[in-house]
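**Student:** return a 3D structure for these sequence lines:
(4 chains)
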There are 2 protein chains.
Amino acid sequence: MTEKQQNILNSALRLFATEGVDSTSTSKIAKHAGVSEGLIFRHFTNKEGLLQAILENGREKSDAYFHSVMQVKDPKERLLMTLHLPFVIPSDEYDFWRLFYTLKWQRGPMEHEGMNLFRNSMKEAFEELGYTNPSAEAQLVEALIDGVATEVLLKEIYPKPLLDCILEKYKLK
Amino acid sequence: MTEKQQNILNSALRLFATEGVDSTSTSKIAKHAGVSEGLIFRHFTNKEGLLQAILENGREKSDAYFHSVMQVKDPKERLLMTLHLPFVIPSDEYDFWRLFYTLKWQRGPMEHEGMNLFRNSMKEAFEELGYTNPSAEAQLVEALIDGVATEVLLKEIYPKPLLDCILEKYKLK
DNA sequence: CATTATAGTGAGTAATCACTTACAAATTTA
DNA sequence: TAAATTTGTAAGTGATTACTCACTATAATG
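**Tutor:** Reported below is the predicted structural model:
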């Protein structure tokens, strides 16, 4: 991975996240990255290939994070860590997650292996905690995380009071 | 509002919602609507004007709905109606709400008067119900609605068990 | 050192973009 | 019914799009 190749990935992520994939032209990316436009196609074949390379990068990071949550055996502790997720997004990953949520609406949710494993580990946690409908509870947590992550990524929020409200509803406080 | 004008609005909403604003060309809209491309510009000035006309249409509908919720005086009942919102989206409004959530990520949330009133009415409901942090609770409800609406609009869900989980957390069941 | 593969450029390409213009048909108004 | 206004079309416009191609500079390899 050369420096210019990395520049292309960085610039494309920034522009895709802030202005949208379709309204970001390859020439704009090239200018932003300080490379010739042709280089984008040399390294990534086409615009779609560039997008996929970016998504692959981000997936590796997020999978590592999901994995660390799933390793926690105690269900209560695991639920707690899960509910913390939207509040501990590193700010240098904001661009990726903005892109992630945008694409959700334009290309459908990108389902991958790690996500299904995570979903299942949540369901199991609720089972162990004796909830009456673990599968629906897991779905609710997912919706909750998505909603809160949206607030975090798009608005100024005060994490502490919001987190307190959430934890109280799951009797974790 | 002529028939062709209405056709343009319908086609544009459908295409904007399914393929995104930026990747929907005016010529594609014209073909889909069965009109000449020039007519779009005659009636809506430019592509942005067409988008705004669509958003204005949708805002009127949603404002009416928010208004009906806010009229409910009993705080418990009002909270209950609010939490029902994502489950009662009429299916012929799905396109609008998909567009709405897409634009949230590309142009920032579209804040309008009705939305702020609604937000405040939620806060007041939590105040009356004696919650310790009404403002954070209102923010949480908003995030929850957004997250659940996303599930409803993008995936197949079973509303009843999910709604049950939510109501139980607010002791409304 | 010579050869080969890779990294990188800049000037193209046809197609498509949002939008305009000149003009005709239909409708409204006086 | 005559004039004026609105609705509608078809064929353009220059700019921009994703992408290609012929080429050079750099680095790796034997």
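
**Student:** sticking with the nearest residue to residue A:57 once chain neighbours are set aside, tell me its helix or strand.
**Tutor:** Sequence neighbours aside, residue A:9 is the residue nearest to residue A:57 in space, at 6.9 Å (criterion: Cβ to Cβ, 6 or more residues apart in numbering or on different chains). Quick note: C-beta positions are derived from backbone N, CA and C, even for glycine. Secondary-structure assignment from DSSP states H and E places residue A:9 in helix A:3-19.

**Student:** show the end-to-end separation of stretch A:165-173, please.
**Tutor:** Stretch A:165-173 has its terminal residues 9 Å apart, counting by Cα to Cα, to the nearest Å.

**Student:** what helix or strand is the one residue in chain A that gets nearest to DNA strand C located in?
**Tutor:** Nearest residue of chain A to DNA strand C (Cβ to the nearest atom of the strand) works out as residue A:38 at 2.5 Å. Here residue A:38 sits within helix A:37-44, counting by DSSP H and E.

**Student:** can you pull out the strands in chain A?
**Tutor:** Assigned by DSSP state E, chain A shows no strands.

**Student:** contacting residues for whichever residue of it sits closest to chain B?
**Tutor:** Nearest residue of chain A to chain B: residue A:147, at 2.9 Å (Cβ to the nearest Cβ). Contacts for residue A:147 (Cβ atoms under 8 Å, 6 or more residues apart in numbering or on different chains) come out as B:142, B:143, B:144, B:145, B:146, B:147, B:148, B:150.

**Student:** check the nearest residue to residue A:98 once chain neighbours are set aside and give its pLDDT.
**Tutor:** Spatially, and ignoring its direct neighbours in sequence, residue A:98 is nearest to residue A:17 (4.3 Å; Cβ to Cβ, 6+ apart). In this model, residue A:17 is scored at 97, pLDDT.

**Student:** near chain B, which residues of chain A are found?
**Tutor:** Contact residues, chain A versus chain B (Cβ under 8 Å from any Cβ of the partner chain): A:19-20, A:22-23, A:98, A:101-102, A:104-106, A:108-109, A:133, A:135-137, A:139-140, A:142-148, A:150-151, A:154-155, A:157-158, A:161-162, A:164-166, A:169-170.

**Student:** repeat the analysis, applying 7 Å as the threshold.
**Tutor:** By Cβ under 7 Å from any Cβ of the partner chain, the residues of chain A that approach chain B are A:20, A:22-23, A:98, A:101-102, A:104-106, A:108-109, A:133, A:136-137, A:139-140, A:143-144, A:146-148, A:150-151, A:154, A:157, A:161-162, A:164-166, A:169.

**Student:** buried subset of the residues you listed, written for ChimeraX?
**Tutor:** Burial among the residues of chain A next to chain B is assessed by 16 or more other Cβ atoms under 10 Å in any protein chain shown; the matching ChimeraX selection reads:
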select /A:20,22,98,101,102,104,105,106,109,133,136,137,139,140,143,144,146,147,148,150,151,157,161,162,164,165,166,169
